[in-house]
Each structure stands twice: as structure tokens, then as C-alpha cells.
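**Q** Below are the sequence and a predicted model for it; my questions follow.
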Amino acid sequence: MAEAHQAVAFQFTVTPDGVDFRLSQEALKQIYLSGLHSWKKRFIRLKNSFLTGVYPGSPSGWLAISAVTVGSTWVHVDLSRGAISRIQKHLLSSCSRYFNLRQQTLLSALIFSTGAWVLGIWLRRQMLKVLLSYHGWMFEPHGKTSFSTKVWVALVKVMSGRHPLLYSFQTSLPKLPVPRVEDTIQRYLESVQPLLEKEKFEQMEVLARDFQQKVGTRLQKFLVLKSWWATNYVSDWWEEYIYLRGRGPIMVNSNYYLMDFLYITPTPIQAARAGNCVHAILKYRRQLDREELAPVMALGVVPMCSYQMERMFNTTRIPGKEADSLLHLADSRHLAVFHRGRFFKVWLYHGGKHLPPRDLEMQFQRILDDPSPPQPGELRLAALTAGSRVPWAEARAKFFSRGKNRASLDCIDRAAFFLALDEEPQGFSPEREESLSDYAKSLLHGHCYDR
């Protein structure tokens, strides 16, 4: 894998005259800025975790409740109906030698305010869960909203907080309900009836009813038990047993792609298009990391689960013989680029900031202009990832478990995302009806060794 030489912070040489020690101030500056960037991200994550943890409440709500409660104690009005006095008596009596009476009253008022604030948050969350369990709005004709649904929408808006972050509603979403065994079997029979002959369908009915009376009832109890402590009783099992244990190719079954513009070409310069596209993706990733994106809301009212967006970047599916595993990093500072059978590692930051589109364009142009041929065995190496998972897992364990191969593969696994710079032009052409289909095929799987 090709990559630029990195600056060295310091170096020393031992000579007969002593030790020659050289210090690079620019390299140390970059190390400092990189560390500062890392700590900023940690602080933002900590702040967002707190704001999400108290949503639909807010710190300003706590300040307002505390101000009213403390202010009432100054005018000798007890809004707590004796709770502040009991807190002062039972919790702070042992602190009398550290605080005077006025300070004890103030501290008791703050404790009561915090408790009332937390209780209010919990009640609003429970109310939201109950309200969001209503699905009648989904079955109403468009433009003919019933009065009950309008009242429901108003209540949801009242109970929801203001300015939610991306994951603010996660603790307020209702649990996924477990359907009845009878309903599940009935829907299954309805779905297979058009596919089976009459005799085979009758056999399937007998098997389904037998399952319902014997094994199904017992399995249903386990599902109900799991649903009591898991917000979604099926998501982790689906990921483990359906997604990660699937041994078939993932190229056309799971992988997705991204392009820039479809009907217009902003510039014919490939490196410039790639630079603008990568820069825009990095800005989107930064918004995602900072949870600045608004939650997905149906009708602008009903929040959807946003956890699937958490692993959109910095994530790789590592192959295994029996089951794959997911490698997800909190951050990734480089990009994996493929061009003409060669892999490149491109850095995305300088001085703790994203590289501008022009700098990215220059790096991509150097890759496009590089005449060096692929290393032996590198040209179609990516085809291993396009086939079944078991051969790829065996090849990975045999050929990529040590040395330069492992280091190169780690760079790809730990990249923010993967960029392919193709040699063949693709895109929409009004003169060719099949151009969109060809473009989609190219984006989805290409030649199977260049994706």
C-alpha cells in the first residue's frame, strides 16, 4: 500500500563526538494539534451523552426549577410540602459542623430540585413511550386526519423536548412488541399460499398448527421474557445469526455505495469531483459524530431509531469461518483509495482540521498520475471480498495475519471509508436508456475486484 512519508518529531544519531539530537517543531505542532482534536471530540461526546441522557429535559430546565425552589425558600414559601425540611433533617444533619443553617437549606433545596427535575424527565419519557405506541395515524387516508390523531400529535409535541440531538429520542422509544404466535403463523400461511400447490399448502398448515401447539408456545415465552429487558428483542439476534453468520457474498446483498451528482456533471476533472465529494462526506461525518443531525421523524412528529447511523463510517466487517465480526472505531483519520489495481492510504487531516477540497484534489490527482504498476498479486486482490465469506476468512488468516500484508490490510480495515477511482467513465446519458442500469451495476459491484 502506497502512502506519503510522515514527519518525524525527533531523531538522534550516535557519533564518536556524542549524540546528535534533532527536534522537528512542525512535527511536534502536528502532534499537539492532533491531541487537541482528539480531546475536543471526547469532550463533545461527553457533553452529548449528558444532554441525551437527560432528554426531553434540559440543563436550563434544572436551572429554572432550582431558581424557583431556592427563591421560594428566601420568601419562606415551601413549594416542596415539607420535602426540603425532611432532606435537611435526615440527610444533612451530620453536616451541621460544615454548613450553617442557611447553607443547609440551600443545599436541601437544590437536592429537591434535582430530584423533581429527574422525576419530570422520567415521567415525560414514559408518556412519550405510551404516546408513540399509537399507530392509528399510519392507517388514515392522506389529508383526512382524525381529531384523535390531531390531539395525539399535539401531545407528542408537548412531551418532546426542544432541539433534540440525533440520539435524543432513543430512551423514549417504546419497546418492540412481541406478536402473538397465532398472528405470526397466520401471516406466514398467507404469504406462502400463492407459492405452494394445494396439497403442499395443506401439509404446511398441519405443520404450522403443530408448531403452534408444541414448540411455538414455549419459544414465545422466551421472546416475551427477553422483551422485558431488551428494547428490541430481535435486533441483536438478527445481526448475529442473519447478518454476521450469513456465509454468502455481501457485495450485492449488504454493501452500499455513494455517488455525487446523477443528472449533472459539475466538473469533468475526476480528482476535483472526488475531492469535493470526500470533503462533503467528512463534513457529514463530523455532524454525525457531534450528533448535530436532526433525528429522522415520520410526519415531522414520530421519531425513528437512529442507532443504525452510528456505524455508517469507520466500520468494517471482518470475515470469520463461522461468523463475521464488526470492527468499529471512534475515529479514523485516513481514507483507503483504489485505482488501477493499487491501494493508497490518504490522510484526511492537517493541524487537527479536515483537508480542504483543493488539497484532497491534489492528492487524488497524484494517484491518478502515478504510472507505477500494481504489486504482484495486488491487481485483483479485492475479489476475495466479493465471494463467499469462508474462503475469504481462510485466505485472510493464511496470508494476511502478519507482516506487511497485515499492516496494509489494517490500513484498509481502519479507513473512514473506501474510495474507488475508476478508469471507465460512468454516469447518466439521455441517449442511452441502459446508462442508469450500467451506472448502478458499476457502483454496486464494478468488476468484482475493484470494489
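**A** Okay, I see it. As the structure is a prediction and not an experimental result, all values here were calculated from the model.
**Q** State the helix or strand in which Phe344 lies.
**A** Using DSSP states H and E, Phe344 falls within strand 342-347.
**Q** Quick check: mean pLDDT of that strand?
**A** For strand 342-347, the mean pLDDT works out to 94.
**Q** helix or strand right after it?
**A** Defined by DSSP H and E, the subsequent element after strand 342-347 is strand 349-350.
**Q** That following strand pairs with which strands, parallel or anti?
**A** strand 353-354 (antiparallel) (DSSP bridges).
**Q** right, and the helix or strand after the partner strand?
**A** Defined by DSSP H and E, the subsequent element after strand 353-354 is helix 357-369.
**Q** Gly246 and Glu239: what is the separation?
**A** 11 Å (Cβ to Cβ, to the nearest Å). Backbone N, C-alpha and C define where each C-beta goes, glycine included.
**Q** Among these two, which residue is more densely surrounded?
**A** Set Gly246 next to Glu239 and count neighbours by other Cβ atoms under 10 Å: Gly246 wins out with 15 against 12.
**Q** pretty sure the more buried one is in contact with Arg389, am I right?
**A** Yes: in this structure, Gly246 is within contact of Arg389 by Cβ atoms under 8 Å, at 7.4 Å.
**Q** partners of the strand holding Phe344, with directions?
**A** strand 2-3 (parallel), strand 334-339 (antiparallel).
**Q** mean pLDDT lowest for which of these?
**A** strand 2-3 (a mean of 46).
**Q** element containing the nearest residue to Val234 once chain neighbours are set aside, please.
**A** Leaving out its chain neighbours, the residue that sits closest to Val234 by Cβ to Cβ, 6 or more residues apart in numbering is Leu176, at 6.8 Å. Leu176 is part of no helix or strand, with elements assigned from DSSP H and E.
**Q** tell me the centre residue of the chain?
**A** The centroid of the chain falls nearest to Glu310 when counting by Cα atoms, centre = their mean (0.7 Å).
**Q** residue contacts, that residue?
**A** Counting by Cβ atoms under 8 Å, 6 or more residues apart in numbering, Glu310 makes contact with His328.
**Q** Spatially, what comes nearest to Phe417 if we skip its sequence neighbours?
**A** Phe313 (5.9 Å).
**Q** Over to Trp62?
**A** Distance criterion Cβ to Cβ, 6+ apart; nearest residue to Trp62, sequence neighbours excluded, is Trp117 at 4.7 Å.
**Q** distance of Lys398 from Gln170?
**A** Lys398 is 41 Å from Gln170, where distance means Cβ to Cβ.
**Q** now do Lys29
**A** On the measure of Cβ to Cβ, Lys29 and Gln170 end up 39 Å apart.
**Q** And the strands in the protein?
**A** 2-3, 10-15, 18-23, 297-298, 302-303, 315-318, 325-328, 334-339, 342-347, 349-350, 353-354, 418-420 (DSSP state E).
**Q** what's the average pLDDT for the second one?
**A** Averaged across strand 10-15, pLDDT comes to 51.
**Q** Use 49 as the first number from now on
**A** That works, and once the first residue is 49, the last one we named lands at strand 58-63.
**Q** if we can go back for a sec, Lys77 and Gln218 - which one has more neighbours?
**A** Each of Lys77 and Gln218 has its neighbours counted (other Cβ under 10 Å); Gln218 has more, 16 against 13.
**Q** what does the domain assignment say about the chain?
**A** With the TED database as the criterion, the domains of the chain are listed as 50-102, 107-208, 229-277, 318-493.
**Q** mind showing which ranges of the stretch 99-248 of the chain have poor pLDDT?
**A** Counting by pLDDT under 70, the low-confidence segments of the stretch 99-248 of the chain come to 139-147, 149.
**Q** Based on its surroundings, how many neighbours for Tyr497?
**A** Using other Cβ under 10 Å, Tyr497 has 16 neighbouring residues.
**Q** show me the contacts for it.
**A** Residues Leu427, Arg428, Leu429, Ala430, Ala431, Ala434 are the ones in contact with Tyr497 under the rule Cβ under 8 Å, 6+ apart.
**Q** Tell me the backbone dihedrals of it, please.
**A** In terms of degrees, to the nearest 10, the main-chain angles of Tyr497 are phi -110, psi 0.
**Q** Quickly note the distance from the residue lying closest to Thr153 once chain neighbours are set aside to Gly130.
**A** Leaving aside its sequence neighbours, Thr153 sits nearest to Thr121 (Cβ to Cβ, 6+ apart; 5.6 Å). Taken as Cβ to Cβ, the spacing of Thr121 relative to Gly130 amounts to 13 Å.
**Q** Look at these two and report which has more neighbours.
**A** Per other Cβ under 10 Å, whichever of Thr121 and Gly130 has more neighbours is Thr121, with 18 against 9.
**Q** what separates that one from Arg333, distance-wise?
**A** 48 Å.
**Q** Please put the alpha-carbon coordinates of stretch 87-106 into PDB.
**A** The C-alpha coordinates for stretch 87-106 follow below in PDB (Å, rounded to 0.1, in the frame of the first residue of the first chain):
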ATOM      1  CA  TRP A  87      -9.700  15.700  23.300                       C
ATOM      2  CA  LYS A  88     -12.300  18.000  21.700                       C
ATOM      3  CA  LYS A  89     -14.100  15.000  20.300                       C
ATOM      4  CA  ARG A  90     -14.100  13.400  23.700                       C
ATOM      5  CA  PHE A  91     -15.500  16.500  25.300                       C
ATOM      6  CA  ILE A  92     -18.200  16.800  22.700                       C
ATOM      7  CA  ARG A  93     -19.100  13.100  23.100                       C
ATOM      8  CA  LEU A  94     -19.300  13.600  26.900                       C
ATOM      9  CA  LYS A  95     -21.500  16.600  26.600                       C
ATOM     10  CA  ASN A  96     -23.800  14.900  24.100                       C
ATOM     11  CA  SER A  97     -24.000  11.900  26.300                       C
ATOM     12  CA  PHE A  98     -25.200  14.100  29.100                       C
ATOM     13  CA  LEU A  99     -27.700  16.000  27.000                       C
ATOM     14  CA  THR A 100     -29.100  12.800  25.500                       C
ATOM     15  CA  GLY A 101     -29.300  11.200  29.000                       C
ATOM     16  CA  VAL A 102     -31.500  14.000  30.400                       C
ATOM     17  CA  TYR A 103     -33.700  14.400  27.300                       C
ATOM     18  CA  PRO A 104     -36.500  15.500  27.000                       C
ATOM     19  CA  GLY A 105     -35.300  17.600  29.900                       C
ATOM     20  CA  SER A 106     -32.500  20.100  29.600                       C
END
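**Q** follow-up on the earlier one: for the residue nearest to Trp110, what are its contacts?
**A** Contacts of Trp165 by Cβ under 8 Å, 6+ apart are Gly105, Gly109, Trp110, Ile113, Ser114.
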